[in-house]
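*Asks:* just a sequence and a predicted model for now, questions to come.
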Amino acid sequence: MPFNSASDAFQLHPQAKQDAREATEEDIFVDGSVRALDRAGIDALRGEDAHAKTTLAVLYAPWCPFCQAMEGGYESAAAALGAKGVDVVKFRADGDEKEWSKECLSLASFPTVLLFPEGRAGYVKLGSERRGPESLNIFVESVVGKL
């Protein structure tokens, strides 16, 4: 059956629409305040017995509207927390990284925010959908104490 348009193909094959969204080369959190990690970097952080530095990480997909909506707030939080000694990072967890992220980093939906506290192993997952700069600061300080 020939398709009359790309939207016809997407309606019949929703996975094709998802694949097209995930193929985007455009990134978010690019103002320089958030450091990008690849799988080796986030896996090394995850595997540390005691984190050398408190690290706030977002698992994201640049095509996700919820990730896009938190971009400015996360960058603002990165600048403020970075000034207090917190490392703020991002890990693109869609595409080929999605299944591994579900298995190893508790990814259930985008965005997922994790805190790797200094001096401890493992991470704490943000349980709230409040992801503005103040909420992220409260989350970090509720786990590691006043910065």
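*Replies:* Ah, there it is.

*Asks:* make sure residue 115 is actually in contact with residue 143.
*Replies:* Yes. Shown here, residue 115 and residue 143 form a contact pair, counting by Cβ atoms under 8 Å, at 5.5 Å. (C-beta placed from N, C-alpha, C; glycine too.)

*Asks:* neighbour-wise, which of those two wins?
*Replies:* Shown here are residue 115 and residue 143; by other Cβ atoms under 10 Å, residue 115 has more neighbours (22 against 16).

*Asks:* what's the spacing between the residue nearest to that one when sequence neighbours are not counted and residue 82?
*Replies:* Computed as Cβ to Cβ, 6 or more residues apart in numbering, the closest residue to residue 115 that is not its neighbour in sequence is residue 124, at 4.7 Å. Distance, residue 124 to residue 82, by Cβ to Cβ, to the nearest Å: 19 Å.

*Asks:* related to what we said a few turns ago, so what sits against both of residue 115 and residue 143?
*Replies:* Each of residue 124 lies in contact with both residue 115 and residue 143 under the rule Cβ atoms under 8 Å, 6 or more residues apart in numbering.
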